[in-house]
Structure formats: structure tokens, C-alpha cells
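Peer 1: I would like the atomic coordinates for the input below:
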Amino acid sequence: PATRPSVGDEASAQQDEVVGGWYERLAVFIRLCDGPLALFFVSTAALGFCFMSVEVYVLVLVDECGGSVLFMGLLQVLMIVSEVPAFAYSGVALKRFGSHSIICFALFTYGVRMLWYSQIEQTPKGALMFLPAELLHGITYSIFNAAAVVHLARLASPGTETTAQGLLRATQQGVGGALGTLAGGWGYAAFGLQHMYLYW
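Peer 2: Residues are numbered from 1 along each chain as shown. Next up, the predicted model:
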């Protein structure tokens with residue numbers, strides 16, 4: 001009669017399976033860390049840094065400029081509305097300019113947006129100048145995300161596509177977002193928000 005595997009053999013087989021799974025994940029990670037992909041992930045972390053520096057602290061700056069709670073809500077609505085045409089025409093933009101150019105343009109646009117914040121006069125009238133800046137959210141967030149997904153799909157080697165998309169979110173919203181929030185708090189305490197946006 002066939003002998004049943006012992007408990008020790010089953011545990012050893014399970015351990016080998018776990019170790020083998022980790023080796024596979026490590027191999028995928030190493031393949032994802034080549035030159036172009038590593039540079040891409042640094043870029044997405046930089047975008048996440050900028051995104052959280054803006055999203056977490058810009059309303060504090062609006063409050064310092066004398067903007068009302070209603071005005072802050074209007075800014076949030078404007079940001080969300082700007083995403084609709086950006087996502088709708090992202091395919092056209094990708095065909096015309098390419099994903100690499102759009103990613104670079106999104107980084108540049110974040111720089112313009114932060115520079116704009118740093119120059120706004122801290123008065124209720126000056127707070128109105130936040131309105132055009134928030135329209136840029138469609139470029140810095142929506143079009144960038146569409147371009148990043150397409151660009152990463154081209155860069156990732158076969159078999160790593162799903163892991164690569166997970167790392168995109170991890171670097172953008174995890175690493176970059178966490179650093180942006182922490183550095184933003186430090187910059188706010190050290191320089192004030194307008195100088196922080198100027199230095200960033």
C-alpha cells in the first residue's frame with residue numbers, strides 16, 4: 001500500500017513552496033529595477049511627492065489667504081471637474097505626444113503650479129488666483145496617470161506587467177505620497193507654505 005507523507009514532509013514541502021514563491025517575487029523585482037524602469041519609478045515618486053504636497057496643504061494656504069469654506073469646496077469641485085476632459089482626451093494626447101512627453105510635461109506643470117501658489121497675494125482677493133491653478137490638476141493628475149499606465153506597460157518585461165502596475169501605485173501614492181506629506185509638514189513649519197512651494 002502507498003505510504004502517506006509524514007507531517008514533517010508536508011511541512012517541508014510547504015516551506016519549499018513559500019521560499020520558491022519569494023524567489024520568484026525577488027526575480028520579478030530585479031527585472032523591474034533596470035535603468036529605464038528605475039528612472040520611471042523615481043519620476044512617479046516625484047509626482048506623488050508633489051501631489052500630496054498640494055492636496056494636503058493647499059487648502060491651509062487658501063485659509064491663510066482668507067478664503068471661505070465655500071470657496072475651498074469650489075476649488076475641490078473645480079479640481080475634480082478638470083479630470084473629466086483630461087481623462088476623456090488622454091487617448092488623443094497619448095497618440096499625438098507620446099507617454100514619455102506627457103509624463104515630463106506633468107512634472108513641469110507641477111512646478112508651474114507650485115510656483116503659482118508661492119506668488120499668490122495673501123488676501124481674500126488674492127485667493128481668487130487659486131482658481132486657474134486648480135484647473136492644472138487635470139494635467140498633473142489625470143493625464144499623467146493615463147500616460148504612466150501606458151508607458152509602464154511598454155517598459156515592463158513579459159510576466160512582470162501586473163507587478164509593475166502595483167509598483168506604480170506603491171511608488172506614487174505610497175513612497176512619494178508619504179514623503180510629500182512628511183516633507184510638506186516640515187516645510188510648512190520651517191518656511192511657511194508659500195516659501196515651501198517656492199523651494200519645492
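Peer 1: Who are the contact partners of the residue nearest to Met196 when sequence neighbours are not counted?
Peer 2: Leaving aside its chain neighbours, Met196 sits nearest to Gly187 (3.5 Å; criterion: Cβ to Cβ, 6 or more residues apart in numbering). Yep, even glycine has a C-beta here, placed from its N, CA and C like the rest. Gly187 makes contact with Ser53, Leu193, His195, Met196, Tyr199, Trp200, according to Cβ atoms under 8 Å, 6 or more residues apart in numbering.
Peer 1: average model confidence for the longest helix anywhere in the chain?
Peer 2: Using DSSP state H, we find that the single longest helix of the chain is helix 35-64. Across helix 35-64, the average pLDDT comes to 88.
Peer 1: moving C-terminal of it, what's the next helix or strand?
Peer 2: helix 69-88 (DSSP states H and E).
Peer 1: and the residue nearest to Met196, what element?
Peer 2: Applying DSSP H and E, one finds Gly187 within helix 177-191.
Peer 1: That helix vs helix 35-64, what angle?
Peer 2: If you take axes from the mean of the first three to the mean of the last three Cα atoms, to 10 degrees, helix 177-191 sits at 40 degrees to helix 35-64.
Peer 1: can I assume Val58 is in contact with Ala127?
Peer 2: No - counting by Cβ atoms under 8 Å, Val58 stays clear of Ala127, with 11.2 Å between them.
Peer 1: about what we covered before: by pLDDT, give me the weakest of the contacts of Gly187.
Peer 2: Within these, pLDDT is lowest for Trp200, at 73.
Peer 1: show me the contacts for it.
Peer 2: Cys50, Ser53, Met114, Gly187.
Peer 1: Please repeat the previous calculation with a cut-off of 10 Å.
Peer 2: 49-50, 53-54, 110-111, 114-115, 117-118, 180, 183-184, 187, 191 (Cβ atoms under 10 Å, 6 or more residues apart in numbering).
Peer 1: cool, and Gly184?
Peer 2: The contact partners of Gly184, by Cβ under 10 Å, 6+ apart, come to 49-50, 52-58, 60, 193, 196-197, 200.
Peer 1: Once you drop chain neighbours, what's closest to it?
Peer 2: Leaving aside its sequence neighbours, Gly184 sits nearest to Ser53 (Cβ to Cβ, 6+ apart; 4.5 Å).
Peer 1: just His137 next, same as before
Peer 2: Closest to His137 by Cβ to Cβ, 6+ apart is Met79, at 4.3 Å.
Peer 1: quick one: contacts for the residue lying closest to Val42 once chain neighbours are set aside?
Peer 2: Among residues not flanking Val42 along the chain, Thr171 sits closest, at 8.0 Å (Cβ to Cβ, 6+ apart). If you count contacts by Cβ under 10 Å, 6+ apart, Thr171 has them with Phe40, Phe41, Val42, Ser43, Thr44, Ala45, Ala46, Leu47, Gly48, Gly177.
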